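Student: fold the stuff below for me.
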Amino acid sequence: MNSFITLGDRHLDASELLSLLTQHQMLPQFLKELLIEQATQDIALTSAEEALALEQFYARQQIKDEAQANAWLRYHRMSAEQLSAQAMRRVKLEKFKQITWNAYVETDFLKYKSQLDQFTCSMIRTKDAELAQELYFRIKEGEQTFADLAPQYSQGPEAQSSGLVGPVAASNMHPKLLQILSSSKPGQLCPPQQLEEWFIIVRLEQYLPAQLDEAIRQQILDRRFQEWLEQQLQAVKLSTPAELSS
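Tutor: Predicted coordinates:
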């Protein structure tokens with residue numbers, strides 16, 4: 001039997017290692033790492049990119065000197081060459097995303113823009129319909145503000161922020177709340193609306209249409225990559241432990 005790992009008197013071969021990865025729910029992540037390694041193996045970096053990648057890796061791992069680097073290598077059972085390859089991995093992956101999906105970014109942005117738009121609003125939510133109506137009129141008549149009322153009456157997390165919510169991306173909002181805010185103008189106070197078990201009073205404060213900036217571009221590339229990775233993972237063929245040992 002060819003042993004890959006020895007723990008005391010226990011010797012693990014490829015068959016048992018695969019079984020343990022599956023048992024401990026580590027196999028999908030392990031396969032993803034292999035797929036990434038395969039996809040990025042031919043991506044070339046400049047010497048400047050390599051130096052920056054290594055510097056960033058040390059910063060993320062809080063490695064400040066050679067002694068700490070050696071301790072990190074011992075703990076992870078890695079060679080200096082493997083550490084260098086690990087440091088380059090993230091930069092190579094980002095280059096792979098750019099090369100593979102950069103041409104689709106603008107099209108995807110237009111497709112998903114409505115989900116990326118952001119809204120800031122003032123809100124009070126309560127399960128008491130009559131109270132919601134009373135608070136609405138107090139705000140409408142200028143007697144009190146959201147900042148006055150939310151800390152005392154709102155039953156959601158906005159009570160801690162004087163009623164202010166956001167900015168929140170459209171994709172993370174309840175569909176009905178999104179509908180209300182999408183049809184409102186900044187400063188427009190909406191009468192109480194029922195939202196599941198809540199009665200909400202809401203006023204749109206700011207609408208922030210999504211712009212194709214670097215952050216959004218990265219989100220789109222990451223989305224494409226994750227979709228690709230899941231497809232590749234589903235296509236992986238595995239031999240059973242019995243097949244490996246036969």
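Student: what segments of this protein are strands?
Tutor: Listed from the start of the chain, the chain has strands (DSSP state E) covering 5-7, 10-12, 118-126, 164-169, 189-195, 198-208.
Student: rank the ones you listed by pLDDT, which is bottom?
Tutor: Here the strands of the chain differ in mean pLDDT, and the lowest is strand 5-7 at a mean of 68.
Student: most tightly surrounded among the strands of the chain?
Tutor: Highest mean neighbour count of the strands of the chain: strand 118-126, a mean of 23 (counted as mean count of other CB atoms under 10 Å). Placement of C-beta: from N, CA and C, glycine included.
Student: let's have the strands of the chain in TSV, adding distance to residue 44.
Tutor: Shown next, in TSV, are those (distance: least, CB to CB, whole Å):
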stretch	distance to residue 44
strand 5-7	33
strand 10-12	36
strand 118-126	38
strand 164-169	36
strand 189-195	53
strand 198-208	39
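Student: please identify which of those strands is closest to residue 155.
Tutor: Residue 155 lies closest to strand 118-126 among the strands of the chain, at 5.6 Å (CB to CB).
Student: just to revisit the earlier point, so for residue 88, which of the strands of the chain sits nearest?
Tutor: strand 5-7 (26.2 Å).
Student: mind saving the C-alpha coords of stretch 165-178 as CSV?
Tutor: Extracted C-alpha coordinates of stretch 165-178, given in CSV (Å, rounded to 0.1, in the frame of the first residue of the first chain):
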residue,chain,number,x,y,z
VAL,A,165,-31.6,52.3,6.1
GLY,A,166,-29.0,51.9,3.4
PRO,A,167,-27.6,52.3,0.9
VAL,A,168,-29.0,48.9,0.1
ALA,A,169,-28.7,47.2,-3.3
ALA,A,170,-32.0,46.4,-5.0
SER,A,171,-31.0,42.7,-5.1
ASN,A,172,-31.0,42.6,-1.3
MET,A,173,-34.4,44.3,-0.8
HIS,A,174,-37.8,42.8,-0.2
PRO,A,175,-39.6,43.0,-3.6
LYS,A,176,-42.5,45.0,-2.3
LEU,A,177,-40.2,47.6,-0.6
LEU,A,178,-38.2,47.8,-3.8
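Student: just so I have it, where are all the helices in this structure?
Tutor: Secondary structure of the chain by DSSP state H: the helices cover 14-23, 27-40, 47-60, 66-76, 80-101, 105-116, 129-140, 146-153, 175-182, 214-235, 241-245.
Student: nearest to residue 53, of the strands of the chain?
Tutor: Nearest of the strands of the chain to residue 53, taken as CB to CB: strand 5-7 at 29.4 Å.
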